[in-house]
Every structure is written in C-alpha cells, then in structure tokens.
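Participant: what's the 3D shape of this:
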Amino acid sequence: MGRVSEVELFRSALVDSEPPFSVLYVQGPGGIGKTRLLDVCEDLAFQEECEVVRLDGRDLPPAPLAVLEALHDLVDLSGGDQAAPAVDRRLVLLLDSYERLAPLDGWLRTWLLPRLPATTVTLIASRAPPDLAWRADPAWRDLLRIVALRNLRPEETREYLRASIVDPALHDQVVEVTHGHPLGLSLLIDVISRGGGHAAIDPLTPDLVGSLLRQFVDVVPNRLQRRALEVCSLARATTEALLRHVLELDDAHEVFIWLRGLSFVESGLDGVFPHELARDAIEADLRWRDPEEYKRVFRAVRSHVYRSVTSASAREQHRAMFDVKFLFRHQPAFSAGVDWETWGRYYPDLLVPDDRSVVVDLVERWEGAQSAALATHWLERQPEGFFVVRSHDGAVRGVVAIVDLTTASARDIAADPGAAAAWSWTQHHAPPRPDETVSLLRYLVDGEVHQEPSPTWNAGSVLSFQHCLAKPRLSWFLNAFAHPDRLDDYFAFADFPRVVGGDFTVDGRRHGLFAHDFRTVPMDRWIELTTERALAGDDPQPPAPAQPMLMVLSQPEFDESVRHALRDLRRPERLTGNPLLRTRLVAHPTDSAPGTDALCDLIRQAAERLRNDPRDDKFYRAVDRTYLRPAASQEAAAEVLDLPLSTYKRHLRGGVDRIVADLWARELHSPSV
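Facilitator: Numbering: from 1, shown residues only. Modelled structure (predicted):
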C-alpha cells in the first residue's frame, strides 16, 4: 500500500530491454515497509518470468562464498569480467536487510555486480544509506537509483485502514496518531481488532510504537501468550524449546505458532524474533510494569541459553555465547566494549602460518616494535593460543592471544613485562596449586580501531568465555589492556577488578591487568553474579553471589583442615568454622551455605575408600576406632585392635595421610561448581 511510484520504477527496469539502472537502492528506518516492498517486487519479477535470487542479511553470513553459492546455479562466475548467464532469462537479485551485509559492500559493488549479466536488475533494501563510494564511482553514477521510503500519506493511510476493515469512525484518529508509519499502523490495527477500540488511540502519546505494544500486550487473549511475547523480546531468537523451558510447558507448539503469526514477529534460521522497535518496546514495558517478572524471565532465558553453551561445540557454542551476551545488550556496564552492529557476525578463527607476519605487523602498528617482538616471542612458544578475526574476504582484521602462564618457562615469563606482572600477582595472591592453570589474554588488537568496540573485541569476549569453560583446572584468568583507566568500571562490574600494582609499560604505553579467580567464584556462580548485577541496574552496590565465595586453600592449609575435621567428626558444632566448608570439595551450586553434614559425609566416604585395598584395611581400622567409632582413648583403641600402641599410631598416621591425599586430589581435580 502506498508504494506505487517505487513499484512502477522497478517495473520499468524489468520490462525495458536496456534497464535505465542496474541497482535500485531502497533505504528507510525499521518498520517503514522495505521488506514488504521487496515482496511485491519479487512477485513482479516472477510475473515477468525473470530468474529471481532473494538474499536476507539476517540469515546470510556476510561472506562472499555464501552469496556465490546462492548464485551458483544461475550465473557462471568462473571466468572473464563479464561471464555469460547460465540461463536465458533476466536475473533479478533482491538483497534485504543489507545493513547486515555491510562488510560485503565493496566486494559486491566492485567485483560481483560488474560480473553479472548486463541486464541484471538488483534491488537493495537497507536501513543505512548507500556508502559514498557508490556515488563517487563514475561507473555507478548513471546505473544507481536511490529511493528513501517515507511514511504513508494521509490518503494512503485511509486506504490501508479501509482494506483492513477498520471502523471508519476511527480513521481520522488513526491517521493523526500514526502519521502514516507502516509498523505503527499494523500494530494499531492489531490492537483495535482485538478489542482496543477508541481506548487504543491516544494522539498525545509521543512513543507510538511503545504505546501500541503496551496496549497490544494488555489485550492479548491469555496470559500465556503475553508471557511468550515477553520471552521473545528478551531472547535473540525464540524457539519452541526456549518457550518450553521458560514457560514451563510440556508442549509449546501452539503458543509458538501464535507468536510466529504476529504482524511484528519475523522468522529466521534460528527461530522467531520481533522487529527491533517492537522488541525494545515490549522489553521496556515489562521492566516498567512488572520488574520482578522481568527478572524472572531474564533469568530463565539466560539459564536456557547458558545450558546451550555448555552442551554445544565449535561454531554452535560460539553462537550460543553470542546469545548469552545479547541478553545484556541494554546494560551499559556490559556493553562498553561491544560492537553491537557486528555482534554475532564475526567468529574467531585458528591462526595459520601465513597469518603470523600479518599478526606481528598489526601489533607493531598499534602497540610498537617492542610489543611486536613480544608477540613474536609468544607466537613461537604458544602458537595455539593465537586466534585471528578475518574480514569477509579472508584477510586478517584482528588478533586475540591467550597465553598459558603455567606452562611457560620462567625465562619466557620474565621476557614479557605483561606476563611477568600477571605471574607475580598470582604468586602473591592465592597462587595456583598443582595442575591448575593461569591464563592471560595478552593481546587483543583490531586492525582498524585497536581496542575500541570492534569485531575483534566481540570475538575476544567469546574466546575468553569459551576458554574459561574449557579449563576445569583454571585458577586465574587475567586480561591485559592498554589505557586501562577507561575500562575500570567495565571489568569491575564483570568481577574482573583491576590488579592493584599490576600496571606495566611496553613501548611507552601503559597497560593494566584485570583478574578473576575462578576457584573462588567458578563459572556457574560468575554467570549468576553478573546476571544479578545487571538486573540490579543502577544500584551502586551490586549484589554479591547468592552463594558465598569459595576459598582457595594451600596444601598445608588443606591438610590441617582435614585433620581438624577428623578430630571434630563427632562434634559437628565445632565443624561450622572449618575452612573445608568453603572449598569446592564441599560446596555445590545449590548450596547457599554447605552444612557440616556434607563435610562429615565426605570424611566418612574417604575413610571407607581405604577398605577398597586389602593392604589399607589396617589403616581403616585405626581410623575407624579413633574417629568414626572412637574408643575412649588411643590406648583403648590400640587395645581394641589388639595392637601395640606404637603400631596403632603408625597405622593411624598412615590412614589419616591417605584420607588427606584422597580429599586433596578430589579438591584439585573436581570440576568447578
């Protein structure tokens, strides 16, 4: 409705043997009707018996290969600058959501389109205007038409209302309130058709879309559907599985189909999602109307997507990690380093030998020759820790490097001021125990903006998240960043506080360290902590984790605590202060305060395991008559066991030593909770 001139312009290009233009570039804000215009133009192209290829930037990876695969059967692009078509009919290429394909803009303009048949007509729909290079290029000056879509005129709005069978008595008010905005019209008609009537129309409401969506939610047929809409507003993409989990349903098919059919909900490869204007308005409405329900839905969606992270692999895991962070997109403290325009569209890639010189050049360009020499140093020692972010032509755009300090030699660490500062900190603040890992994100360099929000920063976030998940023996994870003062709040909010005294200088540039000990707040609890801090909003004192922080005991401290626990086994009131209660050996994700019963059970189970080896039975009997079923004294225990006192004491020492060693091994090697 109301796009007569745009449709006729496109039709003229289809019917002319020599089209007056090659590319029709349609731009306009969200909800203005670009996709619907493409629908009509696609129908016209089929009527004219054209070969039609339609690509959507929401579903298509912005990579040349993906576009070429879509064109493979229609156009021979294998040779020459002007390859012959594989079919005789005119080719029509439709590109929707082109703003998401921005990385391909130069390649498409200079390489792909010139190689298509001369009579090809391309229609591009984008929220962003065309890059200046289109208009600056003399070759495109006469082949490009730019159309900016506007709101519908009042007479077109009334025609739309008549076609939608809206009560004529409401037409003037609707025209006044919507000003002809297509999405606004569509949403308002939804409200009216569901019983909103005159109450749905408020000409004084400045936020049209938000007002319409709030009223739409109020007249949803039932509570379940309203809750499904709220879930859809928070999640990047909504599936039946997500709805089942959050809404606690056995079967979410019916409500999913209802959601999918709404006028402002679209379908993609990963599920359904609302128009961005609709998403923001629904989420804002829920936060204002029912803050506690907003938090409940937020936590439930986070739980589902985080479970997907821990159960997925490779690219699927990366995608799930993008989904986790997407939830926090409206939290300023978590968005400082995120480039939301490219979020979820660039993935970290393994470094190959040919990338090495490019990586070193990137580091030198942004951080200087000394830093580049250090990057070369780590590339030689730990190449597996380097990842690159590639532009869509395959060129290296950025690099992320995570160094394992626990496997590095003392000389390698000393050679790098950043590694030396990180290692020194960990050695003086809860040092790693045997087989535990200390990891340092040593480099994050984007070729265009260094350490500003970028695809490389996005990939670095995902890589760090993935690294921490994959390291059950991880103790410290540290981040090294230049100009650290600007990032203090960002990392502190994420529970990676600045390392006091950890700044270091390379090539005259000051860097800072930000650290988190995953033994005290393991991954699951860290996710909970960051979630609750986000939900607390502007609270100057973000909440602590629901569970107390865990303790990291050295081996002597652990040994002493086990021996105390054995002596206090029959007097639980004395166990309440035992440090073992705060270790991951005893604590579990569901325990806000692990009880002494759990500690007693662990001690008894360790003692019982002595009976698995007949050679240790003598040790078990000594422990049993001393701590599990104690005799009145050690002399009495020796008498009960019919042993000389010295032999009894030797067996008891052996049994206690074995129990301590058993529990220490479990403390070290049990997964983080």
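
Participant: Spell out, range by range, the strands that occur in the stretch 201-350 of the chain.
Facilitator: Under the criterion DSSP state E, counting those that start in this stretch, the stretch 201-350 of the chain contains strands at 265-268, 271-274, 348-350.

Participant: Any chance of TSV for these, columns mean neighbour count?
Facilitator: (Glycine included, C-beta is placed from N, CA and C.) Below are the strands of the stretch 201-350 of the chain laid out as TSV (neighbours: other C-beta atoms under 10 Å):
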stretch	mean neighbour count
strand 265-268	15
strand 271-274	20
strand 348-350	15
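
Participant: mean pLDDT for these: which is lowest?
Facilitator: Mean pLDDT values for the strands of the stretch 201-350 of the chain show the minimum at strand 265-268, a mean of 80.

Participant: by contact count, what packs against that one?
Facilitator: If contacts are counted by 3 or more C-beta pairs under 8 Å, 6 or more residues apart in numbering; DSSP states H and E, strand 265-268 sits against strand 271-274.

Participant: ok now the strand it packs on, how far from the chain's centre?
Facilitator: 17 Å (C-alpha atoms, centre = their mean, to the nearest Å).

Participant: Please list the outside residues in contact with it.
Facilitator: 229, 232-233, 235-239, 242, 256, 259-260, 262, 264-266, 279, 282 (C-beta atoms under 8 Å, 6 or more residues apart in numbering).

Participant: can you redo the strands of the stretch 201-350 of the chain as JSON lines with distance to residue 158?
Facilitator: Converted to JSON lines, the strands of the stretch 201-350 of the chain look like this (distance: least, C-beta to C-beta, whole Å):
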{"stretch": "strand 265-268", "distance to residue 158": "26"}
{"stretch": "strand 271-274", "distance to residue 158": "27"}
{"stretch": "strand 348-350", "distance to residue 158": "53"}
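
Participant: Residue 403 belongs to a strand?
Facilitator: Yes: the assignment for residue 403 is a strand, going by DSSP: H, G, I helix; E, B strand; the rest coil.

Participant: hang on, isn't it packed against residue 375?
Facilitator: No: taking contacts as C-beta atoms under 8 Å, residue 403 lies outside contact range of residue 375: 10.4 Å.

Participant: ok, the spatially most central residue of the chain - contacts?
Facilitator: By C-alpha atoms, centre = their mean, the chain has its centre lying nearest to residue 322, at 2.4 Å. Neighbour list for residue 322: 236, 343-344, 462 [criterion: C-beta under 8 Å, 6+ apart].

Participant: run the last query once more with 7 Å
Facilitator: 343-344, 462 (C-beta atoms under 7 Å, 6 or more residues apart in numbering).

Participant: Same question for residue 638.
Facilitator: 644-645, 648.

Participant: Residue 425 and residue 500 touch, don't they?
Facilitator: No: the pair residue 425 / residue 500 is not scored as a contact, 8.8 Å apart, by C-beta atoms under 7 Å.

Participant: In terms of packing, which of these two has more residues around it?
Facilitator: Between residue 425 and residue 500, residue 425 has the larger neighbour count (other C-beta atoms under 10 Å), namely 20 against 9.

Participant: hey, where'd the strands end up in this structure?
Facilitator: Here the chain has its strands, by DSSP state E, at 23-27, 51-56, 91-96, 121-126, 144-148, 265-268, 271-274, 348-350, 386-390, 396-404, 437-446, 474-482, 504-506, 509-517.

Participant: what about residue 71, distance to residue 53?
Facilitator: 6 Å (C-beta to C-beta, to the nearest Å).

Participant: pLDDT weak spots in the stretch 51-200 of the chain?
Facilitator: 73-87, 196-200 (pLDDT under 70).

Participant: ok, which stretches of the stretch 201-350 of the chain are helices?
Facilitator: 208-218, 223-234, 240-247, 253-260, 276-289, 291-311, 314-326, 332-335 (DSSP state H, counting those that start in this stretch).

Participant: For residue 433, find the nearest of those.
Facilitator: Nearest to residue 433, of all those, is helix 291-311, at 24.3 Å by C-beta to C-beta.

Participant: how far does that closest one sit from the chain's center?
Facilitator: Put simply, helix 291-311 sits 13 Å off its chain's centre (C-alpha atoms, centre = their mean).

Participant: and the angle for it with helix 314-326?
Facilitator: Interaxial angle of helix 291-311 relative to helix 314-326 (axes from the mean of the first three to the mean of the last three C-alpha atoms, to 10 degrees): 160 degrees.

Participant: which helices and strands does helix 291-311 pack with?
Facilitator: In terms of contacts (3 or more C-beta pairs under 7 Å, 6 or more residues apart in numbering; DSSP states H and E), helix 291-311 is packed against helix 223-234, helix 240-247, helix 276-289, helix 314-326, helix 523-535.

Participant: Mind listing what's buried along it?
Facilitator: For helix 291-311, the neighbour count (16 or more other C-beta atoms under 10 Å) marks 294-295, 297-302, 304-306, 308-309 as buried.

Participant: Make JSON lines from these and add distance to residue 32 to it.
Facilitator: Output for the buried residues of helix 291-311, formatted as JSON lines (distance: C-beta to C-beta, whole Å):
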{"residue": "294", "distance to residue 32": "29"}
{"residue": "295", "distance to residue 32": "34"}
{"residue": "297", "distance to residue 32": "30"}
{"residue": "298", "distance to residue 32": "30"}
{"residue": "299", "distance to residue 32": "35"}
{"residue": "300", "distance to residue 32": "34"}
{"residue": "301", "distance to residue 32": "29"}
{"residue": "302", "distance to residue 32": "33"}
{"residue": "304", "distance to residue 32": "33"}
{"residue": "305", "distance to residue 32": "31"}
{"residue": "306", "distance to residue 32": "36"}
{"residue": "308", "distance to residue 32": "34"}
{"residue": "309", "distance to residue 32": "36"}
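
Participant: in stretch 476-496, what counts as buried?
Facilitator: In stretch 476-496, counting by 16+ other C-beta under 10 Å, buried: 476-482, 484, 487, 490-491, 493-496.

Participant: actually stretch 101-119, sorry about that
Facilitator: Neighbour-count burial for stretch 101-119 flags 101-105, 107-109, 112-113, 115-117, 119 (criterion: 16+ other C-beta under 10 Å).

Participant: Go through these and flag which are in helices.
Facilitator: 105, 107, 113, 115 (DSSP state H).

Participant: one step back: from the buried residues of stretch 101-119, which two are the most distant?
Facilitator: Pairwise over the buried residues of stretch 101-119, using C-beta to C-beta, the maximum falls at 103 and 119, 27.7 Å.

Participant: Show me what stretch 53-61 is in contact with.
Facilitator: Residues from elsewhere that reach stretch 53-61 (C-beta under 7 Å, 6+ apart): 42, 66-67, 70-71, 74, 93-101, 268-269.

Participant: which parts of that stretch are buried?
Facilitator: Buried residues in stretch 53-61 (16+ other C-beta under 10 Å): 53-58, 60-61.

Participant: Tell me how far that stretch lies from the chain's centre.
Facilitator: Mean-position distance between stretch 53-61 and its chain equals 22 Å (C-alpha atoms, centre = their mean).

Participant: what's the spacing between residue 667 and residue 515?
Facilitator: 22 Å.

Participant: With residue 578 instead?
Facilitator: Distance of residue 578 to residue 515, given as C-beta to C-beta: 28 Å.

Participant: So which of those two has more stuff around it?
Facilitator: For the pair residue 578 and residue 515, the greater number of neighbours falls to residue 515 (21 against 17), based on other C-beta under 10 Å.

Participant: Touching, that one and residue 476? I think so.
Facilitator: Yes: the criterion here is C-beta under 7 Å, and residue 515 meets it with residue 476 at 5.7 Å.
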